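Enquirer: Got a predicted structure here, sequence first:
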Amino acid sequence: MSFDRSIKIAPSILAADFAAFGAECEAVEAQGADWIHVDVMDGHFVPNITFGPAMCAAIRPHVKTLMDVHLMIAPVDPYIEAFAAAGADRLTAHLEAGPHIHRTLQAINAAGCKAGLALNPGTPVEAAAPLLDMIDLVCVMTVNPGFGGQKFIHSQVEQVRRLRQMIGDREVHIEIDGGVDPETAPLVVEAGADVLVAGSAVFKGGSVANPAPYGEKIRAIRDACA
Ligand code: DX5
Ligand code: ZN
């Protein structure tokens, strides 16, 4: 498939029912999700713990779109094989997770996954410059990673604009993660983003038994950017 810069909504299952991840993935995909965003946290790189490769393997059969795995862990390298074997389509590692991000991205590519690079709000996007030819996505954090439901950091919009210039014609997505809702989404899309992660803005108000609100929320974000 050719590179697609149209707007994609990637619900984060961090905001889903932890007792029903498989069914939640199916429900949100049926309601129009483009990708499933999986937030892996280790209680060390970020002050929260979520889940690991075994959980990714368990939901894999329930994900028909793309499993977008955001690794908020340090170190990253010892776990790459396990997440690849669990069926991750993309592994996104943080530039801040260690001194050898280039080696980490090489290892992700060698494991057969697409490689993503995540940048915390305190990191200038210019740090991504030497890495742009080995990745297919930059994840610009618009909150400090660790928790869902935080407030969007507006100063990141200008960083997105600079990153879009840097990327030029490369087939590299700009993904926005944190505080995305119908008010903030148009700001980053206008600046050049094409993938919108949304946790609370999609999952709040719906459930596996009542999934229609998921579709309404996804459409509201999409429409706000049109
Ligand atoms: C934050 C995570 C995000 C988070 C987004 O550390 O990487 O993916 O779940 O949640 P909302 O959309 O609620 O800010
Ligand atoms: Zn995330």
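Expert: Thanks, I have it. Numbers count the residues shown, from 1 in each chain. Ligands and ions are numbered 1, 2, ... in the order given.

Enquirer: count of residues packed around the closest residue to ligand 2 within the chain?
Expert: Here the residue of the chain nearest ligand 2 is His70; by C-beta to the ion that distance is 3.7 Å. For the C-beta atoms, the positions are set from N, CA and C on the backbone; glycine is no exception. Neighbour count of His70, defined by other C-beta atoms under 10 Å: 26.

Enquirer: what's the answer for Phe45, then?
Expert: Neighbourhood size, Phe45 [other C-beta under 10 Å]: 20.

Enquirer: Model confidence score at it, please.
Expert: Looking at Phe45, its pLDDT stands at 98.

Enquirer: residue contacts, it?
Expert: By C-beta atoms under 8 Å, 6 or more residues apart in numbering, the contact set of Phe45 is 72-74, 94, 96-97, 145.

Enquirer: Tyr214 too?
Expert: By C-beta under 8 Å, 6+ apart, the neighbours of Tyr214 are 11, 27-28, 31-33, 202-203, 206.

Enquirer: Repeat the analysis, applying 10 Å as the threshold.
Expert: 11, 16, 24, 27-33, 202-208 (C-beta atoms under 10 Å, 6 or more residues apart in numbering).

Enquirer: How about Ile221?
Expert: Ile221 sits in contact with 7, 9, 11, 180-186, 189, 196, 198, 201-202, where contact means C-beta under 10 Å, 6+ apart.

Enquirer: which parts of the helix or strand in which it is found are buried?
Expert: Element membership for Ile221 (DSSP states H and E) is helix 212-225. Across helix 212-225, burial judged by 16 or more other C-beta atoms under 10 Å covers 214-215, 217-218, 221-222, 225.

Enquirer: Does ligand 1 have contacts with that helix?
Expert: No - judged by C-beta under 6 Å from any ligand atom, helix 212-225 and ligand 1 are separated, with a smallest distance of 10.3 Å.

Enquirer: any idea of the mean pLDDT in that helix?
Expert: Taken as a whole, helix 212-225 has an average pLDDT of 98.

Enquirer: when you give positions from now on, start the count at 502
Expert: With 502 as the first residue, the last one maps to helix 713-726.

Enquirer: Next up, the contacts around whichever residue of the chain sits closest to ligand 1.
Expert: Closest residue of the chain to ligand 1, C-beta to the nearest ligand atom: Gly700 (2.9 Å). Residues near Gly700 by C-beta under 10 Å, 6+ apart: 511-517, 538, 540, 648-651, 678-681.

Enquirer: ok, it to Pro562 distance?
Expert: Taking C-beta to C-beta, to the nearest Å as the measure, Gly700 falls 22 Å from Pro562.

Enquirer: Sort out which of the contacts of Tyr715 are buried, if you could.
Expert: Buried subset of the contacts of Tyr715 (neighbour count, 16+ other C-beta under 10 Å): 512, 517, 525, 528-530, 532-534, 703-704, 707, 709.

Enquirer: Can you name the residues of the chain sitting close to ligand 2?
Expert: Proximity of the chain to ligand 2, by C-beta under 5 Å from the ion, involves residues 540, 571, 678.

Enquirer: mind listing which of those are in strands?
Expert: Applying DSSP state E to those, the entries found in strands are 540, 571, 678.

Enquirer: just to revisit the earlier point, which members of the contacts of Tyr715 occur in strands, if any?
Expert: Here DSSP E is the test, and those give Pro512 as lying in strands.

Enquirer: Run through the strands of the chain in chain order.
Expert: 509-512, 537-542, 568-573, 591-595, 615-620, 638-642, 674-678, 696-699.
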